[in-house]
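Asks: Provide a 3D model corresponding to the input given below.
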Amino acid sequence: MMLALVVFTAILFSPSPTPLDAAGSPDPGPPQPAPVQNLSSVLAGAGERFLDGQPLNVAPVPVQEGSDDPVVPDENTTSPGENSTAIVPDYDDDELVGLVENSSVSLMLLSLQSTSALYSWDEKSVKENAASLQAFAKTVLRDAEKLEVSEFQEPVKAAFTSSLKSYVAAGETLQGNDPLNSTKVDTALGEIQWGSIHLREAFEGLDHPVLHVPQEVVEVNFSGSRSHTGSGTGEELALLQRYLYEDRNRANDISLMLAAAREIGAYYQFNGSGEVVAADPGRMFLLVEVKATNLGHKGDNRVYRIRTPDISAFTLHCRDNTYSPIKLAPRTSLGEPYGAATLDRYEKKVGYIIFDVPEALAIDECYVQVDLGGGESPVWALGKTL
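Replies: Got it, this is the predicted structure:
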């Protein structure tokens with residue numbers, strides 16, 4: 001029994017034969033069959049060593065698993081121990097923040113200028129400031145819409161683009177050659193208000209805003225706040241004050257006077273239908289009474305007739321805006337309209353000229369200028385009376 005155990009142990013731990021190519025042979029060839037070992041030689045002395053208590057000194061048998069071919073790891077295979085880096089999208093968050101910071105002050109100042117001009121019904125300033133606001137907002141809007149931002153900055157971008165669209169809409173409302181009326185003014189003011197609200201929302205979404213004030217808007221020019229009481233020459237005439245001048249031939253003296261100015265909202269046409277001509281919402285008609293008189297002949301010239309100024313020679317000025325008279329029908333509830341006429345000695349021409357102006361126009365700040373030719377252009381301040 002003991003001898004059988006020794007034999008089994010010797011067989012189990014006996015070294016396996018080493019192939020020639022594994023020993024580093026310089027001439028690898030086809031594998032050679034392992035030499036047949038005599039079992040008796042393998043077990044020779046094993047029994048005596050075991051009985052004497054000595055170790056068998058048998059080398060372990062190397063165990064080969066799987067295929068004989070070496071396993072080559074895949075280059076694209078990530079081992080479990082390696083750290084993997086997530087791909088982060090390239091967002092334009094910083095560009096959006098810079099765009100909001102650098103354009104906010106310009107937008108606020110341009111909208112403030114437009115609002116001031118709208119409240120004073122300064123038509124020329126309204127168109128100029130609205131055009132500047134619209135052009136600037138359009139440029140910034142194109143830049144903002146191109147940006148790809150992260151989810152965190154989406155609310156800022158949405159508020160900012162909404163603000164720019166409102167400013168653009170306000171500018172578009174005020175463009176064109178049509179005169180201002182209450183509908184256009186209210187619509188534009190509403191769009192500017194929404195633009196400012198959304199701009200504030202976008203601005204509050206920034207962590208640490210740093211404002212940049214462009215040089216072109218550092219000095220704010222509120223043209224609507226300037227007060228004009230006349231032509232600026234200091235030689236304005238008062239209502240009912242005559243201006244005397246000579247005709248082209250210097251043969252006759254002529255008297256020209258603006259007698260009165262008043263506001264109305266509508267008038268009637270006496271053309272059989274009784275049609276009512278009403279001013280548009282937010283506008284009114286300004287009537288100015290004109291009197292021209294041929295004061296008589298002088299000198300040796302035999303020319304006794306004079307020609308009164310044409311209606312196109314009259315212009316109304318208020319702040320930086322200029323208004324021309326509108327054409328009246330021959331018969332209206334206003335009386336006889338003024339027009340150029342030929343007058344004999346001591347004859348006179350009396351009639352009304354009418355201007356379509358904003359309802360909020362301050363008449364006391366306006367003046368009427370008449371181009372008589374030859375460098376003569378007398379001015380009547382509508383806020384001055386004798």
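Asks: C-alpha only now, for contacts and for neighbours.
Replies: Noted.
Asks: In contact with residue 145, which residues?
Replies: Applying Cα atoms under 8 Å, 6 or more residues apart in numbering, we find residue 145 in contact with residue 161.
Asks: Now with 10 Å, please.
Replies: Residue 145 makes contacts with 96, 157-158, 160-161, as judged by Cα atoms under 10 Å, 6 or more residues apart in numbering.
Asks: Phi, psi for it please.
Replies: Residue 145 adopts backbone torsions of phi -70, psi -20, taken as degrees, to the nearest 10.
Asks: hmm, back to that, would you convert the contacts of residue 145 into a markdown table that also reports secondary structure and pLDDT?
Replies: Compiled in a markdown table, those are given as follows (DSSP: H, G, I helix; E, B strand; the rest coil; pLDDT from 0 to 100):
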| residue | secondary structure | pLDDT |
| --- | --- | --- |
| 96 | helix | 88 |
| 157 | helix | 90 |
| 158 | helix | 92 |
| 160 | helix | 92 |
| 161 | helix | 92 |
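Asks: Top of these by number of neighbours, please.
Replies: Of those, residue 160 is surrounded by the most neighbours, 29 neighbours in total, counting by other Cα atoms under 10 Å.
Asks: Would you mind measuring from the closest residue to residue 160 other than its chain neighbours to residue 155?
Replies: Take residue 160 and drop its neighbours on the chain: the residue closest to it by Cα to Cα, 6 or more residues apart in numbering is residue 202, 5.3 Å away. Counting by Cα to Cα, to the nearest Å, the separation of residue 202 from residue 155 is 8 Å.
Asks: And residue 95, how far from residue 139?
Replies: The spacing between residue 95 and residue 139, counted by Cα to Cα, is 15 Å.
Asks: same check, this time on residue 184
Replies: For residue 184, the distance to residue 139 under the criterion Cα to Cα works out to 24 Å.
Asks: neighbour-wise, which of the two wins?
Replies: The residue with more neighbours, out of residue 184 and residue 139 and counting by other Cα under 10 Å, is residue 184; that gives 19 against 12.
Asks: Can you pull the phi/psi pair for that one?
Replies: The main-chain torsion angles of residue 184 are listed as degrees, to the nearest 10 and equal phi -60, psi -40.
Asks: if I read this right, it contacts residue 174, doesn't it?
Replies: Yes: the pair formed by residue 184 and residue 174 meets the contact definition of Cα atoms under 10 Å, at 6.7 Å.
Asks: which residues do these two both contact?
Replies: Looking at what touches both residue 184 and residue 174 (by Cα under 10 Å, 6+ apart), the common residues are residue 118.
Asks: mind listing the helices in the stretch 151-300 of the chain by residue range?
Replies: Defined through DSSP state H, counting those that start in this stretch, the helices belonging to the stretch 151-300 of the chain, from first to last, are 154-173, 182-204.
Asks: Mean neighbour count, the ones you listed: which tops it?
Replies: Taking mean count of other Cα atoms under 10 Å as the contact definition, the stretch among the helices of the stretch 151-300 of the chain with the greatest mean neighbour count is helix 154-173, which reaches a mean of 22.
Asks: okay, the contacts of residue 145 in TSV with distance to residue 306 next?
Replies: As requested, the contacts of residue 145 are arranged in TSV below (distance: Cα to Cα, whole Å):
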residue	distance to residue 306
96	70
157	70
158	69
160	65
161	64
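Asks: For residue 342, see how far away the closest residue to residue 360 other than its chain neighbours is.
Replies: Excluding the flanking residues, the one nearest residue 360 by Cα to Cα, 6+ apart is residue 121, at 6.2 Å. Counting by Cα to Cα, the separation of residue 121 from residue 342 is 38 Å.
Asks: repeat for residue 269
Replies: 26 Å.
Asks: again, but for residue 282
Replies: 38 Å.
Asks: which of the two has more neighbours?
Replies: A side-by-side neighbour count of residue 282 and residue 342, using other Cα under 10 Å, places residue 282 first with 19 against 13.
Asks: pLDDT score assigned to that one?
Replies: Confidence per residue is given as pLDDT, and for residue 282 that number is 81.
Asks: Looks like it contacts residue 181 (just checking).
Replies: Yes: Residue 282 lies in contact with residue 181 (Cα under 10 Å); the separation is 4.4 Å.
Asks: Tell me the residues that contact both of these two, please.
Replies: Joint contacts of residue 282 and residue 181 (Cα under 10 Å, 6+ apart) are 121, 357-360.
Asks: how does this protein divide up, domain by domain?
Replies: For the chain, whose domains are defined here by automatic domain parsing, the residue ranges read 93-221, 237-385.
Asks: Not counting its neighbours along the chain, what's nearest residue 332?
Replies: That would be residue 269: by Cα to Cα, 6+ apart, it lies 4.3 Å from residue 332.
Asks: Specify the angle between the host helix or strand of residue 128 and helix 182-204 in degrees.
Replies: Assessed by DSSP states H and E, residue 128 sits inside helix 123-145. With axes from the mean of the first three to the mean of the last three Cα atoms, to 10 degrees as the criterion, the two stretches helix 123-145 and helix 182-204 enclose an angle of 40 degrees.
Asks: Mind naming the longest strand for this structure?
Replies: When secondary structure is assigned using DSSP state E, the longest strand within the chain turns out to be strand 283-297.
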